[in-house]
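J.: coords please:
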Amino acid sequence: MKLKMTFACLWAAGCVMLGALGILGALGMPGASGALHAQPAPAQRPPALPPAEKLAEGWIALFDGETTYGWKIVEGEAVVKDGVLILGGGATAAKIRTTVSLPPGELFTDAGDGQTFTGVTVDSFPIDLATGKKVPDDQQPIVPQPIELTSPAGKSLHLRRVHYRPKGTKSIFNGKDLTGWKEHPGKKKSKFTVTPEGWLNVQDGPGDLQTTGLYRDFLLQLECKSNGKHLNSGIFFRCLPGEYQQGYEVQIRNQWEGEDRTRPVDFGTGAIYRRQPARKVNATDGEWFSLTILANGRHLASWVNGLQVTDWIDDRPENANARQGACLNAGAISIQGHDPTTNLSFRNFRIVAFGQGDKQAGRP
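T.: Predicted structure coming up:
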């Protein structure tokens, strides 16, 4: 028998909680009431999205600085004003919750007046009651949970940034060769190579490079660069093993209509292709961008350069092929070589599998 042990500390003004794990974070400010009050924005306020160096470390934004996209208002009020997420402040308590469930990780927040708070670790681990010892890391079940922000009645919580980084990710590309990957034998026009810099490069197409491991529920992170204008590629997942791109696809195409990045061409980078377009094309050709893909049962989501661009639940009838219905089976992850113009580079592939995906990733 195992028991989940959690660690918590409580603040006067509000709290940050990882769902049922009960992690509370004190964000109280000095003052008579203990509430966090918004102040005039500084000339250069901290951006809502993580900077480039933090993106490379795996951080993503749960608040985009403009909307409450990705959050559900459970009770009370939550608004965005001048780049600040304002929760509560009325006579009743307020609570919002992420629409997605996330694996254990770290949470970083800062207050609306620019004061920064140290990272809050959102985590729990099981204890074996027979021995009283912590279960080894590689044997721990990974249980994704939503993150909640709460504010008690009469107080308010003001935040400029809410950043999250998963814990326990493992590399699935060694930067030296294609160990752990295999090329689909039926489509071999693409050339998949490892560059002297340790990048995975794909040129020409069509073609398909698949992982030998199978994954169902996971959070995948990687970096990509399109080495041409408006090139087309994608990351497929839950693919039928041995078949050509029969799975879900997160689109890669850095193109939009006119000057409006909220009007993607061909669904746009980060889209769940043919299912939900990216709400904004947040990547540019010729520049490295980060891509985070979350697959948890029927719920799929993606982030590009830290910005959440999709949030989709597949409500179709179940089918072993994601092209034909909701696929809840483990499958390969693959890189698409789209056509003769294809020329993209990839690096820093890492994944954390959970739930039903644990066993497919070699976890107990």
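J.: does residue 228 count as helix, strand or coil?
T.: Three-state assignment for residue 228 (DSSP: H, G, I helix; E, B strand; the rest coil): coil.
J.: pLDDT score assigned to it?
T.: Looking at residue 228, its pLDDT is 95.
J.: so what's it closest to, chain neighbours aside?
T.: residue 343 (5.2 Å; CB to CB, 6 or more residues apart in numbering). Backbone N, C-alpha and C define where each C-beta goes, glycine included.
J.: May I ask you to confirm that that neighbour is in contact with residue 233?
T.: No. Under the criterion of CB atoms under 8 Å, residue 343 is not in contact with residue 233, lying 9.3 Å apart.
J.: Next, name the residue at the spatial heart of the chain.
T.: Ranked by distance to the mean C-alpha position of the chain (CA atoms, centre = their mean), the top residue is residue 292 at 4.4 Å.
J.: For that one, give me its contacts.
T.: 58, 60, 219, 220, 221, 302, 303, 304 (CB atoms under 8 Å, 6 or more residues apart in numbering).
J.: Got phi/psi on it?
T.: phi -120, psi 130 (degrees, to the nearest 10).
J.: Apart from its neighbours in sequence, what residue is nearest it?
T.: In space, residue 292 is closest to residue 303, 4.1 Å off (CB to CB, 6+ apart).
J.: what's the answer for residue 320, then?
T.: residue 329 (5.9 Å).
J.: The one you found and residue 218, how far apart?
T.: Separation of residue 329 from residue 218 (CB to CB, to the nearest Å) stands at 13 Å.
J.: Compare the two (neighbour count), which wins?
T.: Taking residue 329 and residue 218 together and counting by other CB atoms under 10 Å, residue 218 has the greater number of neighbours (26 against 18).
J.: Show me the shaky parts of this protein.
T.: 1-46, 111-141, 356-364 (pLDDT under 70).
J.: run the last query once more with 80
T.: Under the criterion pLDDT under 80, the flagged ranges of the chain are 1-47, 110-142, 187, 355-364.
J.: Map the structural domains onto the sequence of it.
T.: 2-166, 170-360 (automatic domain parsing).
J.: For residue 54, grab phi and psi.
T.: Taking degrees, to the nearest 10 as the convention, residue 54 sits at phi -80, psi -30.
J.: Pretty sure it sits against residue 164.
T.: No. At 11.0 Å, residue 54 does not count as touching residue 164 under the criterion of CB under 8 Å.
J.: And the helices in the stretch 51-200 of the chain?
T.: Using DSSP state H, counting those that start in this stretch, the helices found in the stretch 51-200 of the chain span residues 52-56.
J.: and the end-to-end length of stretch 289-302?
T.: The first residue of stretch 289-302 is 13 Å away from its last residue (CA to CA, to the nearest Å).
J.: one step back: and the residue nearest to the centre of the chain, how far from residue 199?
T.: 19 Å.
J.: and what of residue 66?
T.: Applying CB to CB to residue 66 and residue 199 gives a distance of 33 Å.
J.: Looking at these two, which is more packed in?
T.: The neighbour comparison of residue 66 against residue 199 (other CB under 10 Å) goes to residue 199, with 19 against 12.
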